[in-house]
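Student: Here's a sequence, model it:
(one chain, ligands or ions: 2)
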Amino acid sequence: MSLDAVLSRIDNDLPEAMDRLLDLLRIPSISTDPAYNASCDAAAAWLVADLNSLGITTEKRETPGHPMVVGHVEGPDPHLLFYGHYDVQPVDPLDLWDNDPFDPKIEETVKGTVIRGRGSSDDKGQLMTFIEACRAWKAEHGSLPCKLTFFLEGEEESGSPSLVPFMKKNAEELNSDIALICDTGLFESKTPAIVTMLRGLLGEEITITGPNVDLHSGMYGGVAINPLRVLSRIIAALHDDQGRITVPGFYDGVPELSDEMEAQWQGLAFDHVNFLGDVGLSQPAGEQDRTPLEMIWSRPTCEVNGIWGGYTGDGFKTVLPSKAQAKISFRLVGDQDPLVIRDNFRAMVRDMLPDDCDVSFEGHGASKASMTQTSDPSFEAARKALSDEWHVPAAYVGCGGSIPIAGFFQDILGTTPMLVGFGKDDDAIHSPNEKYDVESFHKGIRSWARILAALTT
Ligand code: BES
Ligand code: ZN
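Tutor: Ligands and ions are numbered 1, 2, ... in the order given. Coordinates of the predicted model:
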């Protein structure tokens, strides 16, 4: 088996691989907005056609939401499953994009060549790294190195509502030895990394209603309750002045970092001054007795993602609004139970509600944190493959983001997830002008070829 031949082919075919990625990026598969349902379907169909063209028997599988893409190819053990997501985040605020988010461009920047467009990094560019590695392998060797299952989701960015029922229903089909997930990043944009800890996520939308209609704030202000003031008071009460979260029982199940992990993370020498400086900040704003890396990787958080009500258009309107709304998310760690936290949060809000106000809640996903044991020899094999490609020792790291499926692989299928990705901190995922470095794409494809070789020989 010649890995070198596969790597050379990847180098030679890079322009065509980039063209294919640009094609996929032109499909605006925003999963959270029903206006883009047909585009989500089109992105799934694009992937089905592409995988079938590689001899991987692939189908679009319907769900109550967006379709899953599932493909299989037979081969010797081990059985590897690959997961990525083809849906993307909404693009607003659109006016902050320098170009149409769905008219992707290759751009030269001072830091190198980038692929610019929504989904370039999260996660279409990343999922194509694995598919391109398979394409080069197949072209060079005529077949793939082992039994493979492809499992591509279209609802990751909107809380994966169809995922658990789909996995339960198709458990036997999706069962594999290792689930490779490409949806994370490099460490500090230069060190290859295998993520071993992901935070969970609980999303809550809250609506507080006071008067039954918007009122004149001169006529009623002072005497009538203002739901925006009520909501602001509740939100302000969610943290104490040390940055700790005040929801009752919130810290139940939050573990302290093991000595081993603490030592590992200290060895990483995370540069928080740069990390914050890159986004115009200087002060870590989380729990005051924790290090910045703990704040991102191993401590739970509560953030307000949106808050609205009353008049927010141009000019000014003296209104006392009937409703006030907010979207609030909690990142969870260890054994924190999202459903218990949801109940405790809702009870706390109800307790703080004055007479004359009502509250309603809408949940937006509830997933637990997940942690991967790296004792299986495949992890060291993959780590060596990554180190060879990037010429820097690969690190085991945490990740502040959430990828609910990692925990579901463990809990529903009993499969160990292996999280490897090539995104960089400045990729602006979920933000305007998202990009993926051509270096990430190219070396990402090469990395997967090396990992496939390492896990199958
Ligand atoms: N790819 C991200 C997860 C991620 C974020 C990895 C940051 C590395 C760094 C993933 O697509 C994502 O954004 N997930 C959502 C969760 C979802 C339930 C909405 C998240 O973390 O907010
Ligand atoms: Zn993602």
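Student: Helices of the stretch 351-457 of the chain, start to end?
Tutor: Under the criterion DSSP state H, counting those that start in this stretch, the stretch 351-457 of the chain carries helices at the ranges 377-390, 404-408, 438-456.
Student: helices and strands around the first one, which ones?
Tutor: This means helix 377-390. In terms of contacts (3 or more CB pairs under 8 Å, 6 or more residues apart in numbering; DSSP states H and E), helix 377-390 is packed against strand 193-198, strand 416-420, helix 438-456. For glycine as for every other residue, the C-beta is placed from the backbone atoms N, C-alpha and C.
Student: Between strand 193-198 and it, find me the angle.
Tutor: 140 degrees (axes from the mean of the first three to the mean of the last three CA atoms, to 10 degrees).
Student: And the contacts of helix 377-390?
Tutor: Residues outside helix 377-390 that contact it (CB atoms under 8 Å, 6 or more residues apart in numbering) are 78, 178, 186, 190-194, 374, 393-394, 396, 418, 420, 443, 446-447, 450-451, 453-455.
Student: Of the helices of the stretch 351-457 of the chain, which is nearest ligand 1?
Tutor: Smallest distance to ligand 1 across the helices of the stretch 351-457 of the chain (CB to the nearest ligand atom): 5.6 Å, for helix 404-408.
Student: for that closest one, the distance to its chain's centre please.
Tutor: The chain centroid and the centroid of helix 404-408 are separated by 11 Å under CA atoms, centre = their mean, to the nearest Å.
Student: Tell me which residue in the protein sits closest to ligand 1.
Tutor: Counting by CB to the nearest ligand atom, the chain gets nearest to ligand 1 through residue 401 (2.4 Å).
Student: Of the contacts of helix 377-390, grab the buried ones for ChimeraX.
Tutor: Buried residues among the contacts of helix 377-390 (16 or more other CB atoms under 10 Å), as a ChimeraX selection:
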select :178,186,191,192,193,194,394,396,418,420,443,446,447,450,451,453,454,455
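Student: about what we covered before: compute the number of surrounding residues for the residue of the chain closest to ligand 1.
Tutor: Taking other CB atoms under 10 Å as the criterion, the count of residues near residue 401 is 17.
Student: same thing with residue 255?
Tutor: Residue 255 has 12 neighbours, counted by other CB under 10 Å.
Student: Now it. Nearest residue, chain neighbours left out?
Tutor: Distance criterion CB to CB, 6 or more residues apart in numbering; nearest residue to residue 255, sequence neighbours excluded, is residue 334 at 4.3 Å.
Student: ok, back up a step: and the helices of the stretch 351-457 of the chain: which comes nearest residue 221?
Tutor: Taking CB to CB, helix 404-408 is the member of the helices of the stretch 351-457 of the chain nearest to residue 221, at 43.7 Å.
Student: now check that closest one, is it near ligand 2?
Tutor: No. Judged by CB under 5 Å from the ion, helix 404-408 stays clear of ligand 2, getting no closer than 10.3 Å.
Student: would you list the helices and strands packed on helix 377-390 in a markdown table and tack on mean pLDDT and distance to residue 28?
Tutor: As requested, these are exported to a markdown table (pLDDT from 0 to 100; distance: least, CB to CB, whole Å):
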| stretch | mean pLDDT | distance to residue 28 |
| --- | --- | --- |
| strand 193-198 | 96 | 27 |
| strand 416-420 | 97 | 27 |
| helix 438-456 | 98 | 20 |
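Student: that older thread, the residue nearest to residue 255: what's it in contact with?
Tutor: Residue 334 neighbours (CB under 8 Å, 6+ apart): 253, 254, 255, 369.
Student: Can you report phi and psi for the second one?
Tutor: Residue 254 has phi and psi values of phi -90, psi 110 when expressed as degrees, to the nearest 10.
Student: Count the residues that sit near it.
Tutor: As a burial measure, residue 254 scores 15 neighbours (other CB under 10 Å).
Student: And for it, nearest residue in space, chain neighbours not counted?
Tutor: residue 334 (5.1 Å).
Student: Near ligand 1, which residues of this protein? Just list them.
Tutor: 122-123, 156-157, 159, 183-185, 201, 365, 399, 401-404 (CB under 6 Å from any ligand atom).
Student: Try it again at 8 Å.
Tutor: 85, 89, 122-123, 126, 156-160, 183-185, 195, 198-199, 201, 203, 329, 331, 365, 367, 399-404, 421, 423, 429-430 (CB under 8 Å from any ligand atom).
Student: Pretty sure residue 399 sits against residue 419.
Tutor: Yes. If you go by CB atoms under 8 Å, residue 399 and residue 419 touch, sitting 7.3 Å apart.
Student: Spit out the residues that contact those two alike.
Tutor: Between them, residue 399 and residue 419 share these contacting residues under CB under 8 Å, 6+ apart: 184, 195, 198.
Student: most neighbours, which of those residues?
Tutor: Top of those by neighbour number is residue 198, holding 31 neighbours under the definition other CB under 10 Å.
Student: Can you name the residues bridging to it?
Tutor: Beta-bridge partners for residue 198, by DSSP bridges, are residue 370, residue 399.
Student: Now do the contacts for it.
Tutor: Residue 198 makes contacts with 369, 370, 371, 398, 399, 401, 402, 403, 406, 407, 419, as judged by CB under 8 Å, 6+ apart.
Student: Which parts of the chain are helices?
Tutor: Assigned by DSSP state H, the helices in the chain fall at 3-12, 14-25, 37-53, 124-141, 163-169, 171-174, 227-236, 259-268, 272-277, 292-297, 338-351, 377-390, 404-408, 438-456.
Student: Who are the packing partners of the third one?
Tutor: The contact analysis (3+ CB pairs under 8 Å, 6+ apart) places helix 37-53 against helix 14-25, strand 57-61, strand 68-73, strand 147-153.
Student: rerun at 10 Å
Tutor: Packing contacts for helix 37-53, counted by 3 or more CB pairs under 10 Å, 6 or more residues apart in numbering; DSSP states H and E, involve helix 14-25, strand 57-61, strand 68-73, helix 124-141, strand 147-153.
Student: Check the offset of it from the chain's centre.
Tutor: Distance of helix 37-53 from its chain centroid, counting by CA atoms, centre = their mean, is 21 Å.
Student: Touching the helix or strand of the chain with the lowest mean pLDDT from outside, list them.
Tutor: Here the helix or strand of the chain ranked lowest by mean pLDDT, DSSP states H and E is helix 259-268, holding a mean of 90. With contacts defined as CB atoms under 10 Å, 6 or more residues apart in numbering, helix 259-268 is touched by 187-188, 191, 193, 196-197, 256-258, 291, 293-294, 297-298, 371, 395-398.
Student: centre of the chain versus it, how much separation?
Tutor: Distance of helix 259-268 from its chain centroid, counting by CA atoms, centre = their mean, is 24 Å.
Student: about what we covered before: with respect to ligand 2, which of the helices and strands packed on helix 37-53 lies nearest?
Tutor: Nearest of the helices and strands packed on helix 37-53 to ligand 2, taken as CB to the ion: helix 124-141 at 7.4 Å.
Student: do the closest one and ligand 2 meet at all?
Tutor: No. Counting by CB under 5 Å from the ion, no contacts exist between helix 124-141 and ligand 2, the nearest distance being 7.4 Å.
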